[in-house]
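[1] Sequence below, structure please.
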Amino acid sequence: MKLPVIGYVADFSYVIPAIAGIIRFKHLSNAMKVFLLFCSFACVDIAAEMGLSHKHTNNAFLANYFVLGECAFIFTVYFFSIESKKIKQIISALAFLFLCIWMVDKIYFEIPNQLNVEMAVASRIFIIVISVFMIHTIVKRIDLPLTDEPMFWVSSSTLIYSTGVFLVIGLANELLKMGASYFRAAWYIN
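    Below you'll find the model as predicted:
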């Protein structure tokens with residue numbers, strides 16, 4: 001089945017932040033350099049998933065591993081953006097808890113060749129919680145306008161994206177059972 005034009009636009013949107021980061025690389029903080037790596041990782045993942053889907057090969061395993069990579073990158077970006085030792089400890093504890101949950105789920109509950117929607121939803125919950133925590137921390141510590149703080153934009157956009165995809169990710173396997181077109185429609189409407 002042919003990917004609609006909006007699908008290509010959505011997939012290409014992953015490239016824009018990576019290109020912007022590469023152009024501004026010398027001026028990026030360590031947190032933003034990790035964010036650039038995450039954007040590049042997402043581009044490679046999307047390209048690999050698209051490549052496999054065009055060959056009619058199941059790409060669920062890539063999506064399932066992307067969940068771990070995405071959380072690891074988001075937690076690392078947040079970790080490098082904060083100076084407070086206490087907040088770094090909270091971020092580290094949440095990251096460790098997520099890793100433990102992911103490993104248990106991977107070993108005992110994941111169904112091969114199927115999207116692991118439970119883990120995808122769990123990752124959204126972790127990302128939403130840590131993003132709200134980061135926005136709260138940024139608002140408390142900053143004297144400049146929020147619009148001048150890159151981590152405000154990263155945290156806010158991550159929060160908005162994660163809450164937006166929550167329902168679609170949770171219903172992904174049911175939508176796929178109905179047909180790939182239903183999943184694509186829900187994903188691109190999202």
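
[2] which stretches of the chain form helices?
    Under the criterion DSSP state H, helices of the chain are mapped to 5-12, 15-23, 30-54, 60-81, 85-108, 117-141, 150-170, 172-178, 180-189.

[3] Return the per-residue confidence for the residue lying farthest from the centre of the chain.
    Distance to the chain centre peaks in the chain at residue 143, reaching 28.6 Å (criterion: Cα atoms, centre = their mean). On pLDDT, residue 143 comes in at 82.

[4] Could you do residue 74 as well?
    Reported pLDDT for residue 74: 97.

[5] surely it meets residue 158?
    Yes. Between residue 74 and residue 158 there is a contact at 6.3 Å, judged by Cβ atoms under 8 Å. Backbone N, C-alpha and C define where each C-beta goes, glycine included.

[6] higher neighbour count, the two?
    Comparing residue 74 with residue 158 by other Cβ atoms under 10 Å, the one with more neighbours is residue 74, at 26 against 21.

[7] Distance of the closest residue to the more buried one other than its chain neighbours relative to residue 163?
    Leaving out its chain neighbours, the residue that sits closest to residue 74 by Cβ to Cβ, 6 or more residues apart in numbering is residue 127, at 5.7 Å. For residue 127, the distance to residue 163 equals 9 Å [Cβ to Cβ, to the nearest Å].

[8] what are the phi and psi values for residue 116?
    phi -90, psi 80 (degrees, to the nearest 10).

[9] can you count the residues close to residue 28?
    Residue 28 has 15 nearby residues by other Cβ under 10 Å.

[10] now it: how far from residue 77?
    Distance, residue 28 to residue 77, using Cβ to Cβ: 11 Å.

[11] again, but for residue 165
    18 Å.

[12] what about the two, which has more around it?
    residue 77 (25 against 17).

[13] hang on, that one packs against residue 35?
    Yes. Here residue 77 lies in contact with residue 35, judged by Cβ under 8 Å, at a distance of 4.9 Å.

[14] show me the contacts for the spatially most central residue of the chain.
    Residue closest to the average C-alpha location in the chain (Cα atoms, centre = their mean): residue 70, at 4.4 Å. Counting by Cβ atoms under 8 Å, 6 or more residues apart in numbering, residue 70 makes contact with 38, 42, 123, 127.
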